[in-house]
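S.K.: Got a sequence here, can you build the structure:
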Amino acid sequence: MNYVAIDFETANRSRASACSLAAVTVENGLIVKSAYSLIRPPILQFDYWNTRIHGLTEKDVVDKPTFAELWPRIRPHLEDKVVIAHNAVFDIGVLRSMLDEYGLPHPRFRYACTVDIARRVWTDVENYKLSTLANRFDIQFEHHNALHDARTCAMIALAARETIKAKDFKHLTEKLNIAVRDF
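M.R.: Okay, here's the model as predicted:
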C-alpha cells in the first residue's frame, strides 16, 4: 500500500483559494510522513461559511507562503505517485485550480477517491462522510483540519485493504473496480 493522501481547505467558494494543505504518505502500508501548511490564497478573502467549517481566517494566513512558493516542496511528494483524497473531485479540483492560477506545470500522478472505495467496501454505512467513516473505525480526528482529514483518508484506504484482503493499492482498486485516473 503506497500512496499519498491529500486534503485542502479553501478560503471561499473558489477552488483557487486554498488556505491549507496536508499530505500523508503511506509506504508499505504504514504512514511514514505527513506535512501540513497554511497557505496565503491569491485573493485574501474568506467567506463566513468556509471559516465556520475550518476555523481559518485572513489573520491565520496573511504572512504565510503562497501556493506557488510552496509548490517546489510539494511537487516531489506527488510526482509519479498514487494520490488519494476523500471526495477527490474537490481536492484534485483545488490542486488543478491552484496550479492554473499560478501558471505552474501540472505534475504527473494518478488519483483515486476514498469515497468511491468506501462505497464499494462497506455497503451498510449510513453515509460516506469522512466523520462517519472515522467513527466507524474509531479514528480520532479534528474534522476540516487538513492534516487530520488527510490522515483519516489514508487510514480509511488501509482499512479497506484489510477488509477485502488486497495485496496493495492497485489490487484494492482492481478488486473494487475503482477508477484510478491520470491527473
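S.K.: Please make it C-alpha for all contacts and neighbour counts, starting now.
M.R.: OK.
S.K.: Helices of this structure, residue ranges please.
M.R.: 48-54, 58-61, 67-78, 88-102, 114-121, 130-136, 146-164, 169-176 (DSSP state H).
S.K.: partner residues bridging residue 21?
M.R.: Beta-bridge partners recorded for residue 21 (DSSP bridges): residue 8, residue 37.
S.K.: So it sits against residue 7, correct?
M.R.: Yes: counting by C-alpha atoms under 8 Å, residue 7 is a contact partner of residue 21 at 5.8 Å.
S.K.: hmm, back to that, out of the helices of the chain, deepest packed?
M.R.: Of these, the one with the most neighbours on average (mean count of other C-alpha atoms under 10 Å) is helix 146-164, at a mean of 22.
S.K.: Quick check: the gap between residue 53 and residue 80.
M.R.: With distances taken as C-alpha to C-alpha, to the nearest Å, residue 53 is found 32 Å from residue 80.
S.K.: got it, and residue 4?
M.R.: In terms of C-alpha to C-alpha, residue 4 sits 11 Å off from residue 80.
S.K.: more neighbours, those two?
M.R.: residue 4 (26 against 12; other C-alpha atoms under 10 Å).
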